[in-house]
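Asks: model this:
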Amino acid sequence: MTGMRVLTLISLVSVTAWADAKVVLFPAIASPAEVTFHGRVLKHASTGGSTTLSRNLRRLTVSTWEGAEVSVTWGNRTQAVKSAKDGDFSVTFTAGDKPFEVGLTNAVAAVSGADPGLGWVDVIAPGAPFFVVSDLDDTLIVTDVLDKAKLLENTFLKDEHDQAIVEGMPQFYQCLREVAPARPGFALVSGSPTQYVGRIATLLKLHDFPPMGLYLRELGPSTLSGYKQPYIRALLKALPNQAVLVGDSGEQDPEVYAQMRSEFPGRVAAIYIRNAGRADDKSRFKDMVLFNSPAEAARDAVAKGLASKACVEQAFAGPGKPDAGAK
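Replies: Residues are numbered from 1 along each chain as shown. Below is the predicted model of the structure:
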């Protein structure tokens with residue numbers, strides 16, 4: 001085979017391999033002073049697969065594009081950046097003298113030769129009473145982290161269309177969202193892998209959760225623990241509002257949230273922990289609300305002025321209303 005034919009063959013293989021490249025732009029929350037977008041460039045879109053297992057495995061093993069030239073456009077602002085290791089990139093827009101407009105706005109991240117990534121940012125008003133930091137597994141969805149067989153089943157054999165959710169949690173969050181005219185924002189800080197961002201975003205939308213910025217874990221030996229604190233610290237530093245922290249008792253949410261409350265005195269308005277096991281040691285939940293049913297958490301939030309009373313009464317009062325368990 002001649003050198004020219006080899007080069008031609010390599011070129012054709014490269015074009016074929018990169019033909020379905022894709023940019024992923026993660027949803028975010030931010031203050032009117034500064035907006036940061038995070039994303040990832042994939043060499044191959046992770047869609048496809050004949051079974052749920054194969055689709056999830058494709059998501060987890062998709063190859064990334066290091067060194068891609070990324071252009072992020074938000075409104076009339078554009079910034080260029082090069083993707084780093086694992087295809088990750090981030091850009092920050094600073095408002096200057098004129099604060100950014102409050103509310104949900106769209107953004108796009110583009111790379112030549114790849115499908116663009118569409119995302120959004122929710123700019124939270126300084127006057128909003130709080131923002132919510134939420135866990136995912138066994139807080140919003142039923143993952144059964146303490147049962148390894150069920151955990152593997154939920155992780156690999158289910159997806160956004162058949163993953164069970166904790167019944168009543170969408171209603172609880174919607175009532176938190178409606179507490180005041182200056183609407184709170186929501187950030188999902190989870191140990192679920194970054195590769196599942198599309199799956200999680202679709203699941204949240206299907207079940208009528210409020211829009212949530214997604215801050216997920218990059219899989220690797222260095223993120224086996226301590227992966228939530230950097231995200232929560234960054235959010236508490238970026239946003240002037242108080243925080244409401246929501247998680248579960250199955251793993252380390254009580255300890256992580258207690259640490260954040262200690263590091264940021266006066267900034268945490270309330271901590272809600274869903275009982276998902278490992279709840280015998282009550283010292284884990286000092287000055288927190290341990291709840292079995294989202295209705296309990298919602299009614300406590302009303303008493304604290306954190307949730308709309310009318311919304312909670314409509315969502316949880318009477319037979320047939322969501323109260324506990326999963327669907």
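
Asks: could you dump stretch 63-76 to CSV, C-alpha only?
Replies: Taking C-alpha atoms only, stretch 63-76 is exported to CSV below (Å, rounded to 0.1, in the frame of the first residue of the first chain):
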residue,chain,number,x,y,z
SER,A,63,-14.6,9.1,24.2
THR,A,64,-13.9,12.8,24.7
TRP,A,65,-12.1,15.4,22.6
GLU,A,66,-9.2,17.2,24.2
GLY,A,67,-8.0,20.4,22.5
ALA,A,68,-11.2,21.2,20.7
GLU,A,69,-11.7,24.9,19.9
VAL,A,70,-15.0,25.7,21.7
SER,A,71,-17.1,28.9,21.2
VAL,A,72,-19.7,29.6,23.9
THR,A,73,-22.3,32.2,23.0
TRP,A,74,-24.8,33.6,25.6
GLY,A,75,-27.0,36.4,24.4
ASN,A,76,-24.7,38.9,22.6
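
Asks: Quickly note the distance from residue 37 to residue 186.
Replies: The span separating residue 37 from residue 186 equals 17 Å under the rule Cβ to Cβ, to the nearest Å. Glycine gets a C-beta too; all of them are placed from N, C-alpha and C.

Asks: residue ranges of the helices in this protein, please?
Replies: Using DSSP state H, the helices of the chain run over 3-18, 52-61, 148-156, 169-177, 197-206, 228-238, 253-263, 294-303, 309-316.

Asks: hang on, isn't residue 306 packed against residue 246?
Replies: No: at 10.9 Å, residue 306 does not count as touching residue 246 under the criterion of Cβ atoms under 8 Å.

Asks: And these two? Which one has more around it.
Replies: For the pair residue 306 and residue 246, the greater number of neighbours falls to residue 246 (28 against 23), based on other Cβ atoms under 10 Å.

Asks: what's residue 112 sitting at in phi/psi?
Replies: When read as degrees, to the nearest 10, the backbone of residue 112 gives phi -60, psi 130.

Asks: So for it, what's the pLDDT?
Replies: Reported pLDDT at residue 112 in the predicted model: 94.

Asks: Now do the same contact list for it.
Replies: For residue 112, the contact set (Cβ atoms under 8 Å, 6 or more residues apart in numbering) comprises residue 69.

Asks: neighbours around residue 162, how many?
Replies: Using other Cβ under 10 Å, residue 162 is surrounded by 10 other residues.

Asks: mind checking how far it is from residue 193?
Replies: Computed as Cβ to Cβ, the residue 162 to residue 193 distance reads 19 Å.

Asks: before we move on, what about residue 172?
Replies: Noted for residue 172: a distance of 25 Å to residue 193, by Cβ to Cβ.

Asks: Give me the more crowded residue out of those two.
Replies: Here residue 172 and residue 193 are compared on neighbour count by other Cβ under 10 Å; more neighbours surround residue 172, at 29 against 18.

Asks: Looks like the more buried one contacts residue 294 (just checking).
Replies: Yes: A contact is recorded between residue 172 and residue 294 when judged using Cβ under 8 Å, the distance being 4.3 Å.

Asks: residue contacts, the residue nearest the centre of the chain?
Replies: Taking Cα atoms, centre = their mean as the criterion, residue 214 is the residue nearest the geometric centre of the chain, at 2.3 Å. Under the criterion of Cβ under 8 Å, 6+ apart, the neighbours of residue 214 are 26, 27, 28, 188, 190, 197, 200, 201.

Asks: want to try a markdown table for those, with pLDDT as columns?
Replies: Listed next are the contacts of residue 214 as a markdown table, based on pLDDT from 0 to 100:
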| residue | pLDDT |
| --- | --- |
| 26 | 96 |
| 27 | 97 |
| 28 | 97 |
| 188 | 97 |
| 190 | 94 |
| 197 | 88 |
| 200 | 92 |
| 201 | 94 |
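
Asks: Now the buried members of those.
Replies: Burial by neighbour count, judged by 16 or more other Cβ atoms under 10 Å, picks out 26, 27, 28, 188, 190, 197, 200, 201 from the contacts of residue 214.

Asks: Does residue 300 touch residue 293 like I think?
Replies: No: using Cβ under 8 Å, residue 300 makes no contact with residue 293, being 11.1 Å away.

Asks: Could you break this structure into its assigned domains?
Replies: 19-123, 130-316 (automatic domain parsing).

Asks: And those: which comes nearest residue 322?
Replies: When the domains of the chain are ranked by proximity to residue 322, the top entry is domain 130-316, at 3.6 Å, counting by Cβ to Cβ.

Asks: just the strands in the chain please.
Replies: If you assign secondary structure with DSSP state E, the strands in the chain sit at 22-25, 28-30, 34-42, 69-74, 77-82, 88-94, 103-110, 117-123, 130-134, 185-193, 213-217, 242-248, 268-274, 289-291.

Asks: and residue 63, what does it touch?
Replies: Applying Cβ under 8 Å, 6+ apart, the residues contacting residue 63 are 42, 43, 44.
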